[in-house]
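Asker: Whatever this is, show me its structure:
(chains A and B)
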Protein chains: 2
Amino acid sequence: MSSSTPLLHPAVRPAAVTDCERIHQLIVDLAEYERSAHEVKVTPEQLRAALFGPQPAAFALVAEDAVGAVAGFALYFVNFSTWEGVHGIYLEDLYVAPEQRGSGLGKALLQSLASIAVSRGYARFEWSVLDWNQPSIDFYTAIGAVPMDGWTVYRLTGDALRRTAAALG
Amino acid sequence: MSSSTPLLHPAVRPAAVTDCERIHQLIVDLAEYERSAHEVKVTPEQLRAALFGPQPAAFALVAEDAVGAVAGFALYFVNFSTWEGVHGIYLEDLYVAPEQRGSGLGKALLQSLASIAVSRGYARFEWSVLDWNQPSIDFYTAIGAVPMDGWTVYRLTGDALRRTAAALG
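Answerer: Numbering: from 1, shown residues only, chains lettered A, B, ... in the order given. Okay, here's the model as predicted:
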């Protein structure tokens, strides 16, 4: 594998700006699967700005079905390990439309992201999983992913975030 | 608060390239506190490249003690919420030297990051905590941070990462 050219799965390509409407629909579908559709506020315009603005900090791959329609996506950003001293990939969302489950597109997206990480010399490829999502956990464990047991993410949002900022100085 | 100029705590400033040696030492100290010093591979040169190379994807603030010496740091990167449609701050590491504990520098760093997030219109400010670190958990809960219970981070590294990439196509 070249160190400069990530090798993507044949069904996978980097998202284009014209994919944003479809990616938006898939994000809504994923939220419904995670029982949280009411929490989705993103618009297709926000996706276009984040993925295709100047110096983007978020990136997406799409997976196509047999007739070339976008049936899945992976949205990721770059993190950094202070212990390893190098960057990594954090997969924020991965989703494949229900009618394409079992077609290997989810695996193709994961493998393509692993390939990007390896080609760039990154140390890690990470993502979060809902603890009740056993089919996904089984798949992730099978490819050698390790759960970060003993760590919990804490999140500041909304009023608590504004209060913390306003308490400054 | 201006929407373009984040307001930092008076003891806090963006890291300069000349701070990298000191930040490196604090990273090693933090790993010892987390009982994991043997896992630290980062060099000061890697920090300089990540924080001060072209188009950096990792960023740092430092906190100074009463005589202007760097006594703490926060290293962060930018993430993205597909549901909110906007970016957020992920705090990878925050550490204050033991002799400066109780001086408010940790809080000053957290507040400064919250201020950066608010000033940019970000939706979230997040970080991970070791479950045995109750003093930190108490502090985070007190400022309104919420644990992402029910989610677990999975990580691919090393041979498992390379195998996944190599299985492509």
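Asker: rest of the way, CA atoms for contacts and neighbours
Answerer: Will do.
Asker: Can you report how many residues neighbour residue A:14?
Answerer: 14 (other Cα atoms under 10 Å in any protein chain shown).
Asker: Hmm, residue B:78 and residue A:57 touching each other?
Answerer: Yes: contact criterion Cα atoms under 8 Å: residue A:57 and residue B:78 qualify, at 6.9 Å.
Asker: Could you pull out the residues contacting both of these two?
Answerer: Listed as contacting both residue A:57 and residue B:78 by Cα atoms under 8 Å, 6 or more residues apart in numbering or on different chains are A:77, B:57.
Asker: can you give me the helices in chain A?
Answerer: Applying DSSP state H to chain A gives helices spanning A:20-33, A:44-52, A:105-119, A:134-142, A:158-166.
Asker: and stretch A:45-53, does that touch chain B?
Answerer: Yes: with Cα under 8 Å from any Cα of the partner chain as the criterion, chain B is reached by stretch A:45-53 at A:46, A:47, A:50.
Asker: Show me what counts as buried in that stretch.
Answerer: A:46, A:47, A:48, A:49, A:50, A:51, A:52 (16 or more other Cα atoms under 10 Å in any protein chain shown).
Asker: how about the CA coordinates for it, as PDB?
Answerer: Extracted as PDB, the C-alpha positions of stretch A:45-53 are listed here (Å, rounded to 0.1, in the frame of the first residue of the first chain):
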ATOM      1  CA  GLU A  45     -26.600  23.200   4.200                       C
ATOM      2  CA  GLN A  46     -24.700  22.600   7.500                       C
ATOM      3  CA  LEU A  47     -23.200  19.400   6.100                       C
ATOM      4  CA  ARG A  48     -22.100  21.200   2.900                       C
ATOM      5  CA  ALA A  49     -20.400  23.900   5.000                       C
ATOM      6  CA  ALA A  50     -18.700  21.500   7.300                       C
ATOM      7  CA  LEU A  51     -17.500  19.000   4.600                       C
ATOM      8  CA  PHE A  52     -16.800  21.300   1.800                       C
ATOM      9  CA  GLY A  53     -16.000  24.700   3.300                       C
END
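Asker: roughly how far is it from the heart of the chain?
Answerer: From the chain centre to the centre of stretch A:45-53 is a distance of 15 Å (Cα atoms, centre = their mean, to the nearest Å).
Asker: Sketch out the low-pLDDT regions of chain A for me.
Answerer: Applying pLDDT under 70 to chain A flags residues A:1-6, A:169.
Asker: can you do 90?
Answerer: A:1-7, A:30, A:33-37, A:55, A:101-102, A:167-169 (pLDDT under 90).
Asker: Next, the buried residues of stretch A:72-81.
Answerer: A:72, A:73, A:74, A:75, A:76, A:77, A:78, A:79, A:80, A:81.
Asker: filter those residues by proximity to chain B?
Answerer: Among the buried residues of stretch A:72-81, chain B is touched by A:77, A:78, A:79, A:80, A:81 when using Cα under 8 Å from any Cα.
Asker: Mind listing the residues bridging to the last one?
Answerer: The partner list for residue A:81 in beta bridges (DSSP bridges) reads residue A:86.
Asker: residues contacting it?
Answerer: Contacts of residue A:81 by Cα under 8 Å, 6+ apart are A:87, A:88, A:123, B:92.
Asker: and the helices of chain A as JSON lines, adding distance to residue B:135?
Answerer: Shown next, in JSON lines, are the helices of chain A (distance: least, Cα to Cα, whole Å):
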{"stretch": "helix A:20-33", "distance to residue B:135": "34"}
{"stretch": "helix A:44-52", "distance to residue B:135": "36"}
{"stretch": "helix A:105-119", "distance to residue B:135": "35"}
{"stretch": "helix A:134-142", "distance to residue B:135": "31"}
{"stretch": "helix A:158-166", "distance to residue B:135": "18"}
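Asker: if you compare those, which one is most tucked away?
Answerer: Among the helices of chain A, helix A:105-119 has the highest mean neighbour count (mean count of other Cα atoms under 10 Å in any protein chain shown), at a mean of 25.
Asker: the inter-axis angle of that helix versus helix B:158-166?
Answerer: 120 degrees (axes from the mean of the first three to the mean of the last three Cα atoms, to 10 degrees).
Asker: hmm, helix A:105-119 touching chain B?
Answerer: Yes: contact of helix A:105-119 with chain B (Cα under 8 Å from any Cα) involves A:108, A:111, A:112, A:113, A:114, A:115, A:116, A:118.
Asker: Among the contacts of residue A:81, which one lies nearest to residue A:33?
Answerer: Nearest to residue A:33 among the contacts of residue A:81 is residue A:88, at 27.1 Å by Cα to Cα.
Asker: mind listing what the closest one touches?
Answerer: Counting by Cα under 8 Å, 6+ apart, residue A:88 has contacts A:78, A:79, A:80, A:81, A:117, A:122, A:123, A:124, A:125, A:126.
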